[in-house]
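**Student:** Structure here, sequence nowhere to be found:
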């Protein structure tokens, strides 16, 4: 499993986070949950930048100085940092964070001060530098071969796929690209309907990539979600697409259709345009749609989801987390969730218990449903907070040697309310 180490990336100070298959972070706003997600996203996109760099060398060769390694790759990676975290001029000099993909493949990010300005430095460890240089040599050989044979062989897609597999093996990672589903999805639903009037350059990177995902997959819903499986045919599946589609429609309270410029939910006999459905439906829509697409494609991905519970009734929050775990266990994907909801944590507790029983060969899925569990040995359930000295506190909510989460931290606000309620009773009496 990979490990993120952060010393000073506001608001995070001195925190380590080792990713497992299921990861959920709960805590107040502004304590660094999203920063952890963006930091992991940044390092995983660096891997994608390496793939694209080697692919470009394979197709175009070294055309000019700015395509030389490592300068060309460093430039692209620094641009990515700015898009995710902003400019470095006002960041603290002691900013440093790193990502250990394996114990031998590590990337560090730090600042160097020159002329009273902080300049970003992204350092690959020696073993990673050596591996990339070797792959660059192979990429140049591929370019020479491509000049000998006709481009009409249409090997480009195969070439990118092969490069991706080799790079993934170096990073100890067999997952496909990382996807980030941000918070504020109800607003993004409105924005995607206004895309002809938008300048994507003015939208933050996470939101832009998410909107691009919607643009890629939404045309396949022209016959609704019930007919989506025809776009991703497979001989054998671990699930019934029809049952899953019906379940999504039932819980979303409508079936999503995209007919070119017209997007709507079919609710009974009515077609409700997408920007007029409830904010909760808008928040859940593309979480469910995308997970279902990747389920049909049987993709093993790294998925980051911010606040999946936003604007949702507790029963729908439960369904959504159940479906996330269902997707995770069928595909073998990794999931990282941020939440403010005690209901998400309560359901995590239930699924965690189901996973603990499953490890004991007790068929807990008779109660929770097939593939709906969290493996206690491959999960993180943390509360993130900041202490009086501005240090980041990462509290493990899993109770050691028990099949449970610390109950007193699942819904701390209820304790506060109950305490005040008791005091009011005391005042009255």
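**Tutor:** Nice, I can see it. Bear in mind that the values here come from a model prediction, so they are computed numbers and not experimental data.
**Student:** ok, then the element right after the helix of greatest length in the chain?
**Tutor:** Determined from DSSP state H, the single longest helix within the chain is helix 33-60. Sequence-wise, the next helix or strand downstream of helix 33-60 (DSSP states H and E) is helix 71-85.
**Student:** Contacts for that next one, please.
**Tutor:** Contacts to helix 71-85, defined as C-beta atoms under 8 Å, 6 or more residues apart in numbering, come from residues 9, 38, 41-42, 45-46, 49-50, 53, 65-66, 88, 91, 109, 120, 122, 132, 204-206. Every C-beta, even on glycine, is put in place using the N, C-alpha and C of the backbone.
**Student:** How about residue 53: what's its closest non-neighbour residue?
**Tutor:** Among residues not flanking residue 53 along the chain, residue 73 sits closest, at 5.1 Å (C-beta to C-beta, 6 or more residues apart in numbering).
**Student:** roughly how far apart are that neighbour and residue 258?
**Tutor:** To residue 258, residue 73 is 37 Å away according to C-beta to C-beta, to the nearest Å.
**Student:** go on, residue 277?
**Tutor:** Distance, residue 277 to residue 258, using C-beta to C-beta: 14 Å.
**Student:** got the residue ranges for the helices in this structure?
**Tutor:** For the chain, the helices defined by DSSP H cover 33-60, 71-85, 126-148, 156-170, 185-192, 205-217, 241-252, 279-297, 314-331, 342-359, 365-368, 407-410, 412-428.
**Student:** how about CSV for those, with distance to residue 307 and mean pLDDT added?
**Tutor:** Below are the helices of the chain laid out as CSV (distance: least, C-beta to C-beta, whole Å; pLDDT from 0 to 100):
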stretch, distance to residue 307, mean pLDDT
helix 33-60, 9, 92
helix 71-85, 18, 90
helix 126-148, 34, 83
helix 156-170, 29, 84
helix 185-192, 9, 67
helix 205-217, 13, 91
helix 241-252, 17, 96
helix 279-297, 8, 95
helix 314-331, 10, 97
helix 342-359, 9, 93
helix 365-368, 23, 92
helix 407-410, 17, 69
helix 412-428, 17, 86
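**Student:** can you redo those as CSV with distance to residue 390 and mean neighbour count?
**Tutor:** Shown next, in CSV, are those (distance: least, C-beta to C-beta, whole Å; neighbours: other C-beta atoms under 10 Å):
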stretch, distance to residue 390, mean neighbour count
helix 33-60, 14, 21
helix 71-85, 19, 16
helix 126-148, 33, 14
helix 156-170, 37, 15
helix 185-192, 31, 18
helix 205-217, 25, 17
helix 241-252, 41, 17
helix 279-297, 32, 21
helix 314-331, 32, 21
helix 342-359, 25, 20
helix 365-368, 40, 14
helix 407-410, 21, 14
helix 412-428, 21, 9
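**Student:** Please identify which of these is closest to residue 100.
**Tutor:** helix 33-60 (9.5 Å; C-beta to C-beta).
**Student:** Just the angle for the closest one relative to helix 126-148, thanks.
**Tutor:** Helix 33-60 runs at 40 degrees relative to helix 126-148, counting by axes from the mean of the first three to the mean of the last three C-alpha atoms, to 10 degrees.
**Student:** Pick out the residue closest to the middle of the protein.
**Tutor:** residue 304 (1.7 Å; C-alpha atoms, centre = their mean).
**Student:** residues contacting it?
**Tutor:** Contacts of residue 304 by C-beta under 8 Å, 6+ apart are 37, 40-41, 178-181, 336-337.
**Student:** Could you tell me how far the closest residue to residue 177 other than its chain neighbours is located from residue 116?
**Tutor:** Of all residues not flanking residue 177 in the chain, residue 48 sits nearest, at 5.8 Å (C-beta to C-beta, 6+ apart). Distance, residue 48 to residue 116, by C-beta to C-beta: 34 Å.
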